[in-house]
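Q: Sequence plus predicted model, see below.
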Amino acid sequence: MKKIVFIVFVSALLSSCGSGSEKTAASETKETAIKLDGSSTVFPISEAVAEEFELENKNIKVTANASGTGAGFKKFIRNEIDVTGASRPIKASEDKDCAANKIQYLEIPIAYDGLAIVVSKENTWVDYLTVEELKKIWEPAAKGTVTHWDHVRAGWPHEKINLYGAGTESGTFDYFTEAIVGEARSCRTDYTASEDDNGLVSGVAGDKYSLGYFGYAYFFENQDKLKLVAIDDKNDANGKGAVLATNETIVNGTYQPLSRPLLIYINKTSSTKPEVAQFVNYYIDNAPTLVPETGYVALSPEAYKLVKARFNAGTTGSLFLTLKTTVGVKLEEILKTTQQ
Amino acid sequence: MAKKLGKRMRQKQVRKNKWYEFQDKSFKYIALAATGIGVLVLCVLLYDVFFDGFGRLDWKFFLDSSSRKAKNAGIYAAMGGTLWIMALTTIIAFPIGIGAGIYLEEYNKKGRLSNILEVNISNLAGIPSIIYGLLGLEVFSRTLMLGDTAITGALTLALLILPIIIVSTREALKTVPYNLREASFALGASQWQTIWHQILPASIPGIVTGAILAISRAIGETAPLIVIGAATYITSVPKLPNESFTVLPIQIFYWIGKPQHDFQVNAAAAIIVLLGITFVMNGAAVYLRYRWQKKVKW
């Protein structure tokens, strides 16, 4: 008995002494460690890249987290991580905070994500929806007035419409409201909101009169349970009539306005470390194969070339701060214009 | 007349007895039903988890780490992280918790101050775990610059279970009869000698049981570790306490959120492992209690 207690006390003492010497060890191990955080939407891509990267570079340890776009930027601004993923471009306020903390960043678009508008498999009446109709359904004024399907379009059943959508903490919510309602974070409140996309999937699937939206990857994995709705933005310049979300329509810009670029932001100081530079180059080089595997849509080969040149030139700052929006943006064009 | 009255009294008594009997039986069945509901829910949960996950458990599952492919994913890093956290939390929380318990029960003079202390410690035990996470993030991770490392996680969880250990230590010390202390003092022993040679050996089963149950609560915690930034993707077990880590509950939480069904199977398998660890810990607590209790004689 005495011995046990003695051992416990001694080990406690040792551990408290040890913390002093740990700091020197920390700086040694951190040299070969890369830390990622940020959007949970981007996370699956980063995870796939990290997995392959670690297989080839056994001495570099990558750890990744999925705290969300906003939380990721907060850590990025505190200089706690090397790379952060984002499902929307950096905000002006976040850019200011970076500058205040003397953090320069490199912005790299890495993939496209489409937002899928889905209804139940049993829904027989919805053939397509226009952006206007979607706005009518989701705008704040719709609360209490657009409650039945026949309010959306005459001739549809007089049945209560049950809405499922992203929770307010997700980048998806920001993007959807900006693209459909026209103002970010402006949305009706009487719908089922969740950050758990699987919850939304089963909600829509089990409810004949439901309508929901979430990342295309979640529709792709649950095609047998859901019906995808084609979207018409009434703009013939990017695809005539209603367009279904597919890999093709998302990458060629015809599935508008519900496709968006996903980005990663790299701390400029970190990017001078060889392992981080190696990792980001690996990320860009392997994105064309790994992005589709994770359910997202890869950029065009030309865009990846431009993006890689941008990273290796060390161009800091955001492409989107002056544009103020990503809705309908063609990446190749803005990449090219900034390079000239 | 008197006879008749006696008969009526007897009848009344019989009726009363029957009522008591009925009361007795029905209370027994209500209690049984209450127990049954708990057990039933547990059985449904176990059945569901085992049905989903048991087939997924093999050696490879224990040797693989995070992966985007469900078949290649495993719990190596998470399991290693959980063991690290368990060990570190034990080392930190046991001496402090038991020490504080001994002080409060044996040395502290009863008074207003000690009342305030007592109420606050009981209150601490009821604080939601995520609050401890926020505290850990600010104090250990940021102020002390420990970062999102295993030592930060262990310190945070140690804080979380300290009140539980303190309370259970005090309860265990209270079970030691007071005349044992008096006898020891009468023989000229100092307070230290009394505590070390008499009271601690007599109360150790209770103390250790409480402490082990507290640790098994700690290893099931998810929220505070998510707040301090435990990794979602990690393929290595920390070699030192100052490295990034993850734990089983976080791995499970992440897998359940994945769109692919195969990850839900992985989550179920990981839940079986976590349940297994908790079961072994609780079993150890029961066993130690049983063994040591037999040794204690007074």
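A: Looks like it arrived, so ask away. Please read all numbers here as calculations on a predicted model, not as lab measurements. Numbering: from 1, shown residues only, chains lettered A, B, ... in the order given.
Q: how about residue 157, phi and psi?
A: Chain wasn't specified; assuming chain A. Geometry field for residue A:157 lists phi and psi as phi -60, psi 150, criterion degrees, to the nearest 10.
Q: quick one, what contacts it?
A: A:125, A:148-150, A:209 (C-beta atoms under 8 Å, 6 or more residues apart in numbering or on different chains). Using the backbone N, CA and C atoms, a C-beta is placed for each residue, glycine as well.
Q: now, which of the residues you listed sits nearest chain B?
A: Of all the contacts of residue A:157, the one with the least separation from chain B (C-beta to the nearest C-beta) is residue A:209, at 23.7 Å.
Q: The closest one - nearest residue in space that isn't next to it in sequence?
A: residue A:159 (4.6 Å; C-beta to C-beta, 6 or more residues apart in numbering or on different chains).
Q: quick one on the thing from earlier: buried ones among the contacts of residue A:157?
A: Buried members of the contacts of residue A:157, scored by 16 or more other C-beta atoms under 10 Å in any protein chain shown, are residue A:149.
Q: Please enumerate the helices of chain B.
A: Under the criterion DSSP state H, chain B carries helices at the ranges B:2-53, B:59-63, B:76-102, B:112-125, B:129-136, B:150-174, B:178-186, B:191-193, B:200-218, B:223-228, B:248-256, B:261-295.
Q: So which of the ones you listed is nearest residue A:300?
A: helix B:261-295 (30.4 Å; C-beta to C-beta).
Q: which residues does the residue of the stretch 101-250 of chain B found nearest chain A contact?
A: When scored by C-beta to the nearest C-beta, the stretch 101-250 of chain B has residue B:233 as its residue closest to chain A, at 3.7 Å. By C-beta under 8 Å, 6+ apart, the residues touching residue B:233 are A:36, A:43, A:46-47, A:50-51, A:62-65, B:66.
Q: Quick check: the farthest pair among these?
A: Farthest pair in those (C-beta to C-beta) is A:51 and A:65. Separation: 15.0 Å.
Q: Who has more neighbours out of the two?
A: residue A:65 (30 against 21; other C-beta atoms under 10 Å in any protein chain shown).
Q: ok, and the closest non-adjacent residue to the more buried one?
A: residue A:37 is the one closest to residue A:65 (C-beta to C-beta, 6+ apart), at 4.3 Å.
Q: Direction included, what does the helix or strand harbouring that neighbour pair against?
A: Following DSSP states H and E, one finds residue A:37 within strand A:33-38. When pairing is defined by DSSP bridges, strand A:33-38 lines up against strand A:61-64 (parallel), strand A:83-86 (parallel).
Q: is it true that residue A:193 touches residue A:167?
A: Yes. Counting by C-beta atoms under 8 Å, residue A:193 does reach residue A:167; the two are 4.6 Å apart.
Q: Packing partners of the helix or strand of chain B with the lowest mean pLDDT?
A: The weakest-scoring helix or strand in chain B, judged by mean pLDDT, DSSP states H and E, is helix B:112-125 (a mean of 86). Where contact means 3 or more C-beta pairs under 8 Å, 6 or more residues apart in numbering or on different chains; DSSP states H and E, helix B:112-125 is packed against helix B:150-174.
Q: How far off centre is the helix it packs on?
A: In this view, helix B:150-174 has its centroid 10 Å away from the chain centroid, taken as C-alpha atoms, centre = their mean, to the nearest Å.
Q: residues of it that come out buried?
A: So for helix B:150-174, counting by 16+ other C-beta under 10 Å, buried means B:150-170, B:172-173.
Q: Intersect those residues with the contacts of chain A.
A: Near chain A, judged by C-beta under 8 Å from any C-beta of the partner chain, the entries from the buried residues of helix B:150-174 are residue B:151.
Q: what does the stretch 101-250 of chain B put close to chain A?
A: So the stretch 101-250 of chain B meets chain A at B:142, B:147-148, B:151, B:201, B:204, B:229-236, B:239-244 (C-beta under 8 Å from any C-beta).
Q: now the least confident helix or strand of chain B against helix B:200-218, angle please.
A: 40 degrees (axes from the mean of the first three to the mean of the last three C-alpha atoms, to 10 degrees).
Q: relative to strand A:33-38, how tilted is the helix or strand residue A:260 falls within?
A: Residue A:260 is part of strand A:259-267 when elements are defined by DSSP H and E. Interaxial angle, strand A:259-267 versus strand A:33-38 (the same axes, to 10 degrees): 140 degrees.
Q: Who does strand A:259-267 pair with, and is each partner parallel or antiparallel?
A: strand A:83-86 (antiparallel), strand A:105-120 (antiparallel).
Q: Nearest to residue A:244, out of these?
A: So among those, strand A:105-120 is nearest, using C-beta to C-beta, at 9.5 Å.
Q: which is the next helix or strand following that closest one?
A: strand A:128-130.
Q: next one: that following strand to chain centre, how far?
A: With C-alpha atoms, centre = their mean, you get 24 Å for strand A:128-130.
Q: Just the mean pLDDT for that strand, thanks.
A: Strand A:128-130 shows a mean pLDDT of 92.
Q: buried ones in the very next helix or strand once past that strand?
A: Toward the C-terminus, strand A:128-130 is succeeded by helix A:131-138 as the next helix or strand (DSSP H and E). Of the residues in helix A:131-138, A:131, A:133-134, A:136-138 count as buried by neighbour count, 16+ other C-beta under 10 Å.
Q: Quick one: work out the angle between helix A:131-138 and strand A:105-120.
A: 80 degrees.
Q: Spell out, range by range, the helices that occur in chain A.
A: So, for chain A - with DSSP H - the helices run A:2-30, A:43-56, A:69-77, A:92-100, A:131-138, A:149-152, A:171-180, A:197-205, A:216-221, A:247-251, A:268-271, A:274-293, A:301-313, A:331-339.
Q: Could you dump these into JSON lines with distance to residue A:237 added?
A: Shown next, in JSON lines, are the helices of chain A (distance: least, C-beta to C-beta, whole Å):
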{"stretch": "helix A:2-30", "distance to residue A:237": "50"}
{"stretch": "helix A:43-56", "distance to residue A:237": "30"}
{"stretch": "helix A:69-77", "distance to residue A:237": "30"}
{"stretch": "helix A:92-100", "distance to residue A:237": "29"}
{"stretch": "helix A:131-138", "distance to residue A:237": "14"}
{"stretch": "helix A:149-152", "distance to residue A:237": "26"}
{"stretch": "helix A:171-180", "distance to residue A:237": "17"}
{"stretch": "helix A:197-205", "distance to residue A:237": "31"}
{"stretch": "helix A:216-221", "distance to residue A:237": "22"}
{"stretch": "helix A:247-251", "distance to residue A:237": "14"}
{"stretch": "helix A:268-271", "distance to residue A:237": "37"}
{"stretch": "helix A:274-293", "distance to residue A:237": "26"}
{"stretch": "helix A:301-313", "distance to residue A:237": "20"}
{"stretch": "helix A:331-339", "distance to residue A:237": "14"}
